[in-house]
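> test case, fold it:
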Amino acid sequence: MDRRGILTGLFSLASLWQVQAKDVYVSPGTFSIEKALQETRLARIQEGVTEATVHLGEGVYRLCQPVIVRPEDNGTRIVADGKVVISGGVRVESWRKEGPYYVAPMPEFNGLPLVFRQMWVNGRKAVRARDVQDFERMYRIRSVDKDREIIYVPAEAVKNVTDAKGLEMVLHEMWCVANLRVKAIQVEGDSAAVTFHQPESHIHFMHPWPSPMVTDDGHNSAFYLTGAKALLDTPGEWWLDTDGKKIYYLPLPGEDLSTADVEVPALETLWQVEGTPDRPVKDVTVEGVTFAYTTWLRPSLMGHAPLQAGMYMTEAYKIKPKMERAGGDHKLDNQGWVGRPAAAVRMNAATDVVFQDCTFEHLASTGLDACRYISGGGADRCDFRDIGGTAVLAGEFSPEGFEAHLPYLPEDDRILCTGFRITNNRITDAANEDWGCLGIAAGIVRGIQIAHNEISEVSYSGISLGWGWTRQKSGMRDNRVTANRIWHYARHMYDTAGIYTLGAQPGTVISENVISDIYCPGYVHNPEWWFWLYTDEGSSEITVRDNWTPTDKYLKNANGPGNVWENNGPQVSGRVKAAAGVER
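A predicted model of the protein is given here:
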């Protein structure tokens, strides 16, 4: 080939590369992420592009609705060039001093007054006005009348809030907390009868597990009250006056809100990956992005009565006499159906979608949720901090039409979360709003890998794997939980463990994890009911091996067959301790 032919060939190769790859650049206020994705889609249609990169310029991208990644975006990288924040927050300005408070007008969002449940001041989550700062000083309930849907509390506990407007009771219930909107308070001597709005009142008093505790040994359920102006009495607290359309904040010493960065969240979800079972989103990577400032509104609208792991009950009732079950399961005394909490980032029908080197912070509910029809992909080297619910959620936890105690084995098993990888992430200060949530929670999952994560400062368990309370065959199998470092867990709840399992999971291995330093809150229902490792109802065909724990305090509760426990405890090799946690 002569020189002209060589040049022509090189030009053809360059032209081919230009057609196959495209870069789109975005900056806050000039070009939205949505439009950038649309441009890459057009390039695929019109120019034959097969790979595209969306470069997000440094700054804060304030959303009016979630960004949706679709099958049309397959093969796209979304990369942060500098510090990039995807925010569901609204800045609150025009603060002025009124007596001891700073007061600001209630902001608007998309043309409507913004109702919210969280507020951050200079990146610190402020406290929604409540009756106690030290949870060890929480009052305890006195008795429960399930038929009349009443909880009796000490009259002293409600002396300042007998006007129940806007008031919530957050009730500690074994392994969950319930958010109950107070309807009325009737003082009767040294006690007060508290009733609640629907639907949470009916759901809460119908279900038997978890329940408000009334015991003979002084471990009645503890509670705190929130949401009323009368409770706004401690620096760092705030209250929203929806009638007067004002925000009140009692500042910390030396704090000046006129110059502060005050954020309130408007969106529950910032980012959705939405394909279909037959046309999933494929091969999308999100790199280096921060997702911040989301809200969680269900407790304000319908209350929140969870079954476990933050899954709220939509219907529940007790069975008497107990129901016989097949497959060796013990008799069942209740039925329940659940819904799924909101998430800042949610994925459905996604194949090999990865979040890498991202940050999830200042979120009121779930951080990252890989829900259904998930194949491969994962979260790698991300930071999760200041998360109101579970940091990372994966797999089904009973679809809304499926009773929670049944073995879930769908005919179309593509619906399951399969091969998802949660690796080398740092999770801290999770479940700080819904105390019954987790660092990582995986439900009906298959071939999942949870490895080399560091989990600390969580309200309940570090990792929960499985769902269903049955030893019968379901969609779960071949999961791996390895080399994680879990410490400072159970900050508020017991019936807990560093790693907890439910249900039959053939081929599942839990190995070489390091668990230590559990909290000892004084208000739990049973101070002895905590564990380093805990295989709960129906746990079957699981190998638990070479996990380092300070002692051998483990629980095997109503397990099925085939579990193998080998070499767990303080004698485990120092090599295991050195290797656990994020890989350097």
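> for stretch 113-133, buried residues please.
114, 116-121, 125-132 (16 or more other C-beta atoms under 10 Å). (C-beta placed from N, C-alpha, C; glycine too.)
> now swap in stretch 275-287 and tell me
Neighbour-count burial for stretch 275-287, counted by 16+ other C-beta under 10 Å, picks out 275, 280, 281, 282, 283, 284, 285, 286, 287.
> now, which of these lie within strands?
Judged by DSSP state E, the buried residues of stretch 275-287 include 281, 282, 285, 286, 287 as members of strands.
> pretty sure the last one is touching residue 380, no?
No. Counting by C-beta atoms under 8 Å, residue 287 stays clear of residue 380, with 10.0 Å between them.
> quick one: contacts for residue 520?
Contact analysis of residue 520 by C-beta atoms under 8 Å, 6 or more residues apart in numbering lists residue 527.
> which residues does residue 123 contact?
261, 362.
> against residue 332, how distant is it?
Between residue 123 and residue 332 the computed distance is 46 Å (C-beta to C-beta, to the nearest Å).
> same thing with residue 391?
31 Å.
> of these two, which one has the most company?
The neighbour count for residue 391 versus residue 332, taken as other C-beta atoms under 10 Å, is higher for residue 391 (31 against 16).
> grab the nearest non-local neighbour of the more buried one.
Of all residues not flanking residue 391 in the chain, residue 384 sits nearest, at 3.9 Å (C-beta to C-beta, 6 or more residues apart in numbering).
> shouldn't the one you found be within a strand?
Yes. Under DSSP: H, G, I helix; E, B strand; the rest coil, residue 384 sits within a strand.
> report the contact partners of it.
By C-beta under 8 Å, 6+ apart, the contact list for residue 384 reads 359, 360, 361, 367, 368, 391, 392, 425, 426, 427, 428, 430.
> domain parsing for this protein?
For the chain, automatic domain parsing gives the domain ranges 3-88, 91-263, 341-579.
> which of the buried residues of stretch 113-133 fall within strands?
Those of those lying in strands (DSSP E): 120, 121, 125, 127, 128.
> the first one pairs with what?
In other words, residue 120. Bridge pairing for residue 120 (DSSP bridges) gives the partners residue 125, residue 263.
> mind listing what's buried in stretch 203-223?
The neighbour-count check on stretch 203-223 (16+ other C-beta under 10 Å) flags 203-207, 209-213, 219-223 as buried.
> nearest to residue 434 among these?
Minimum distance to residue 434 across the buried residues of stretch 203-223 is 13.2 Å, recorded for residue 210 (C-beta to C-beta).
> ok, that closest one touching residue 173?
Yes. At 4.2 Å, residue 210 and residue 173 qualify as touching, with contact defined as C-beta under 8 Å.
> chain center to stretch 216-230: distance?
How far stretch 216-230 lies from its chain's middle: 23 Å, per C-alpha atoms, centre = their mean, to the nearest Å.
> again, but for stretch 281-292
Remark: stretch 281-292 is offset 18 Å from the chain centroid, using C-alpha atoms, centre = their mean.
> can you check stretch 438-449 too?
So, by C-alpha atoms, centre = their mean, the centroid of stretch 438-449 is 13 Å from its chain's centroid.
> same thing with stretch 345-352?
For stretch 345-352 - counting by C-alpha atoms, centre = their mean - the centre lies 16 Å from the chain centre.
> just the CA atoms of whichever strand or helix holds residue 541, as PDB, please.
Using DSSP states H and E, residue 541 sits in strand 540-545. Extracted in PDB, the C-alpha atoms of strand 540-545 (Å, rounded to 0.1, in the frame of the first residue of the first chain):
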ATOM      1  CA  SER A 540     -30.500 -24.000  56.000                       C
ATOM      2  CA  GLU A 541     -27.500 -25.400  54.000                       C
ATOM      3  CA  ILE A 542     -25.300 -22.400  55.000                       C
ATOM      4  CA  THR A 543     -21.600 -22.800  55.800                       C
ATOM      5  CA  VAL A 544     -20.400 -20.500  58.600                       C
ATOM      6  CA  ARG A 545     -16.600 -20.800  58.700                       C
END
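> flag the shaky bits of this protein, pLDDT-wise.
Counting by pLDDT under 70, the low-confidence segments of the chain come to 1-19.
> how about the helices in it?
Using DSSP state H, the helices found in the chain span residues 3-20, 33-47, 200-206, 298-302, 574-579.
> got the buried residues for the second one?
It stands for helix 33-47. Within helix 33-47, the residues that count as buried by 16+ other C-beta under 10 Å are 33, 36, 37, 40, 41, 43, 44.
> just those residues now: which is nearest residue 513?
Using C-beta to C-beta, residue 33 is the member of those that lies nearest residue 513, at 37.5 Å.
> so what's residue 194 bridging to?
Under DSSP bridges, the beta-bridge partners of residue 194 are residue 151, residue 185.
> can you pull the contacts of it?
By C-beta under 8 Å, 6+ apart, residue 194 lies in contact with 150, 151, 152, 153, 158, 169, 182, 184, 185.
> make a PyMOL selection of whichever of these turn out to be buried.
In PyMOL, this line selects whichever of the contacts of residue 194 come out buried by 16+ other C-beta under 10 Å:
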select buried, resi 150+151+152+153+158+169+182+185
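> out of the contacts of residue 194, the closest to residue 571 would be?
Using C-beta to C-beta, the contacts of residue 194 come closest to residue 571 at residue 169, 45.8 Å.
> give me every residue that touches that closest one.
When contacts are counted by C-beta under 8 Å, 6+ apart, residue 169 touches 151, 178, 179, 180, 182, 194, 196, 223, 224, 225.
> contacting residues around the last one?
Contact partners of residue 225, counting by C-beta under 8 Å, 6+ apart, are 130, 131, 157, 158, 161, 167, 168, 169, 170, 182, 231.
> using CSV, lay out those residues together with distance to residue 63.
Listed next are the contacts of residue 225 as CSV, based on distance: C-beta to C-beta, whole Å:
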residue, distance to residue 63
130, 29
131, 35
157, 40
158, 40
161, 36
167, 31
168, 28
169, 33
170, 29
182, 33
231, 32
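> in strands only, show me those residues.
Short answer: the contacts of residue 225 in strands (DSSP E) are 168, 169, 170, 182.
> hmm, residue 141 and residue 214 touching each other?
Yes. Counting by C-beta under 8 Å, residue 214 does reach residue 141; the two are 6.9 Å apart.
> identify the contacts common to these two.
220, 221.
> sorry, back to before: of the contacts of residue 194, which is the nearest to residue 55?
The nearest one, if we look at these relative to residue 55 and count by C-beta to C-beta, is residue 169, at 48.1 Å.
> how close does the residue nearest to the closest one when sequence neighbours are not counted get to residue 300?
Distances taken as C-beta to C-beta, 6+ apart place residue 180 nearest to residue 169, at 4.7 Å, with adjacent residues excluded. Going from residue 180 to residue 300 by C-beta to C-beta gives 12 Å.
> same question for residue 135.
22 Å.
> now stretch 283-293 - C-alpha only, PDB.
Below are the C-alpha coordinates for stretch 283-293, written out as PDB (Å, rounded to 0.1, in the frame of the first residue of the first chain):
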ATOM      1  CA  ASP A 283     -23.400  -2.000  30.900                       C
ATOM      2  CA  VAL A 284     -23.900   1.400  32.500                       C
ATOM      3  CA  THR A 285     -21.300   2.700  35.000                       C
ATOM      4  CA  VAL A 286     -21.700   5.700  37.300                       C
ATOM      5  CA  GLU A 287     -18.400   6.900  38.700                       C
ATOM      6  CA  GLY A 288     -17.400   9.400  41.400                       C
ATOM      7  CA  VAL A 289     -20.800  10.900  41.900                       C
ATOM      8  CA  THR A 290     -22.200  12.100  45.200                       C
ATOM      9  CA  PHE A 291     -26.000  11.500  45.900                       C
ATOM     10  CA  ALA A 292     -27.300  13.700  48.700                       C
ATOM     11  CA  TYR A 293     -30.300  15.100  50.400                       C
END
